[in-house]
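In: here you go, sequence then predicted model.
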Amino acid sequence: MNLPPGPIEPNAADARGPSAEGPTLRDYANARTSGPSRPSPERRAPSRPSPDRPSPDRTAPERSDSTAAAIPHWRTWWTLSRFGQADLAVTLSAVAATLLGLIAIFDAGYVRSLARDQSLIPPEMRSQLTWLVPSCLAYLVARLVPIAAFRRAAIGLFAFSIVSLFLVEIFGESQNEAKRWIAVGGQKIQPSEFAKVALILYVAQMLAWKPTAPESRPARTFNDWIHEHIVPFIRRVGPFVPAFFAMMLVERGSDLGTAGVLLAITLVMFLTARIRLKSWLIGGTAVLLVVGILVMAQPYRMERIRHHQARWSVDNVNDIGYQTTQSERGMADGGLLGVGVGNGHVKHIIPATTNDFVMATIAEETGLLGASIVILILGVLAVRLALLLRAAGNPFARYVIAGVSAWVAVQACVNIMMANGTLPAIGIPLPFVSSGGSSLVALWAALGLAQSAALTAVAKRPVAEERIETRDHRRWDGRAHLPGA
């Protein structure tokens, strides 16, 4: 059957649509002469917008519940807008602890100040007030500078801290058989406190950079075993050797307590990095051996540990255990509500009332209630910093927050346990509360770093939302895909 060229005009039957029996011969002829089928108008790719034709509607799809749940709850009343969205729980806890510290320093030190130079304001409080301005500046700088800038400067800052610890060995001043301070412009600076900030940045950088462990394969020769196990282990562990070298420099200044805090901070950061169990066993054994050697290397350390359990004996209560026993007695005399502010007895008899044993005066004069308030403030600060780990946008930021949180928590716990007699006196101040300008500046700088690190994810979120709103909804083959179609 010969068909005429060109499309075949439909008849009346074709106008009514295809029959139930399927397509007819005339339908195939029309399809052959009219060319390939084209997409329907509603599936046609949108062309570029012209002045007389509006652009297609590209309304962003509604955010799902899972995306909304990923945004931390602290973006609401926990934060301040545009002051970098500072975390209010962290900032207010630190401010409260600092103000309570000023009150405690004045109360614990004014008696000796009156007896020494007839001044009502103790010199420790004047020094603490002087260091408040540098502390605020350090917080603002660390808070407003992007955390990526501190990551680039981490190695340089840590090297500078190593040099400062060396300077303590050469030009440092000794006090109570401890060499920890450098006199600069009439003020004593303790470089080991700033070394904590530099150590956190350095260890975070090394953990974020650490190479992945290769797959373990059976070694055919001894040379293969060296290259497949020993060399990768040295590459992973080698960058952390300077961190332990800094701890040794701090220990050489008869400051084993601060060196122990540095070690605890590093271990918590390692825990956040999910180190393998084998590495924990090897590293933990090495750390225990080194700590044991350092303790036994100094006779007074072994003597302090040995006599601590018998500190209430007649031979020790007024000798090596004097500070600890008097602190315990004062805390016990405080009871539930205390003996009253200004009526304490401990501040008259023990030497370190404004720094290491400031908690003894607080507990004696305000009782268990006042001591619990201080502990609660520091606990809220440490726990809130730990919760900010969820908001970190990269591993480096997460390790920085973990290090700062461990610093506050470990140092507070050690100081309180030292004041109530659980641990021997090792010279660890109470964060934000004890007197010490270097400690105050370093802690506020660390809080600024933690908040800057926590906002890495928040800074990226508006960009992601903008991409959702401006995304071109196309298929892989270039054809348009309208949301909801």
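Out: Sure, I can see it.
In: which residues sit against the helix or strand Val290 falls within?
Out: Assigned by DSSP states H and E, Val290 falls within helix 277-297. Helix 277-297 has contacts (CB atoms under 8 Å, 6 or more residues apart in numbering) with 244, 251, 256, 259-260, 263, 267, 270, 275, 301-302, 305. From N, CA and C alone the C-beta is placed, and that goes for glycine too.
In: now swap in stretch 301-313 and tell me
Out: 256, 294-296, 316-317, 320-321, 324-325, 421, 423-425.
In: nearest to Pro123, of the residues you listed?
Out: Among those, Ala425 lies closest to Pro123 (CB to CB), at 22.1 Å.
In: that closest one and Met417 touch, don't they?
Out: No. Counting by CB atoms under 8 Å, Ala425 sits too far from Met417 to count as a contact (10.8 Å).
In: settle it for me: which of those two has more neighbours?
Out: Ranked by neighbour count (other CB atoms under 10 Å), Ala425 and Met417 place Ala425 first, with 21 against 14.
In: dump the helix holding Val290 to PDB, restricted to CA.
Out: C-alpha atoms of helix 277-297 as PDB (Å, rounded to 0.1, in the frame of the first residue of the first chain):
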ATOM      1  CA  LEU A 277      43.300   1.000  71.700                       C
ATOM      2  CA  LYS A 278      46.800  -0.300  70.900                       C
ATOM      3  CA  SER A 279      48.200   3.200  70.800                       C
ATOM      4  CA  TRP A 280      46.500   4.000  74.100                       C
ATOM      5  CA  LEU A 281      48.100   1.000  75.700                       C
ATOM      6  CA  ILE A 282      51.600   1.900  74.400                       C
ATOM      7  CA  GLY A 283      51.300   5.600  75.200                       C
ATOM      8  CA  GLY A 284      49.700   5.000  78.600                       C
ATOM      9  CA  THR A 285      52.500   2.700  79.700                       C
ATOM     10  CA  ALA A 286      55.100   5.200  78.600                       C
ATOM     11  CA  VAL A 287      53.400   8.000  80.400                       C
ATOM     12  CA  LEU A 288      53.100   6.100  83.600                       C
ATOM     13  CA  LEU A 289      56.800   5.200  83.500                       C
ATOM     14  CA  VAL A 290      57.800   8.800  82.800                       C
ATOM     15  CA  VAL A 291      55.600  10.200  85.600                       C
ATOM     16  CA  GLY A 292      56.900   7.600  88.100                       C
ATOM     17  CA  ILE A 293      60.500   8.500  87.200                       C
ATOM     18  CA  LEU A 294      59.800  12.300  87.600                       C
ATOM     19  CA  VAL A 295      58.100  11.800  91.000                       C
ATOM     20  CA  MET A 296      60.900   9.600  92.300                       C
ATOM     21  CA  ALA A 297      63.600  12.000  90.900                       C
END
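In: immediately after that helix, which helix or strand?
Out: As the chain continues past helix 277-297, the following element, by DSSP H and E, is helix 299-308.
In: now the angle from the next helix-or-strand element following that next one to helix 299-308?
Out: The element immediately downstream of helix 299-308 (helix or strand, assigned by DSSP H and E) is helix 322-334. Helix 322-334 runs at 40 degrees relative to helix 299-308, counting by axes from the mean of the first three to the mean of the last three CA atoms, to 10 degrees.
In: run the chain-centre distance for helix 322-334.
Out: Computed by CA atoms, centre = their mean, to the nearest Å, the chain-centroid distance of helix 322-334 equals 34 Å.
In: name the residues that touch that helix?
Out: If you take CB under 8 Å, 6+ apart as the criterion, helix 322-334 is touched by 308, 311-312, 317, 339, 344-346, 349-352, 357, 359-361, 363-368, 371, 418-421, 424-425.
In: please put the alpha-carbon coordinates of it into CSV.
Out: Coordinates of each C-alpha in helix 322-334 appear next as CSV, following Å, rounded to 0.1, in the frame of the first residue of the first chain:
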residue,chain,number,x,y,z
TYR,A,322,50.0,21.9,107.8
GLN,A,323,48.3,23.7,104.9
THR,A,324,46.2,20.7,103.9
THR,A,325,45.0,19.9,107.5
GLN,A,326,44.2,23.6,108.2
SER,A,327,42.2,23.8,104.9
GLU,A,328,40.3,20.7,105.8
ARG,A,329,39.5,22.0,109.3
GLY,A,330,38.3,25.3,107.9
MET,A,331,36.0,23.7,105.3
ALA,A,332,34.6,21.4,108.0
ASP,A,333,33.9,24.3,110.3
GLY,A,334,31.9,26.1,107.6
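In: quick one: average pLDDT of the next helix or strand after it?
Out: Helices and strands here follow DSSP H and E; after helix 322-334, the next one along the chain is helix 358-387. Helix 358-387 carries an average pLDDT of 93.
In: check the offset of helix 358-387 from the chain's centre.
Out: On CA atoms, centre = their mean, the centre of helix 358-387 falls 21 Å from the chain's centre.
In: ok, then the element right after that helix?
Out: Counting by DSSP H and E, what follows helix 358-387 is helix 395-419.
In: tell me what that following helix is packed against?
Out: helix 147-152, helix 191-209, helix 256-272, helix 322-334, helix 358-387, helix 437-454 (3 or more CB pairs under 8 Å, 6 or more residues apart in numbering; DSSP states H and E).
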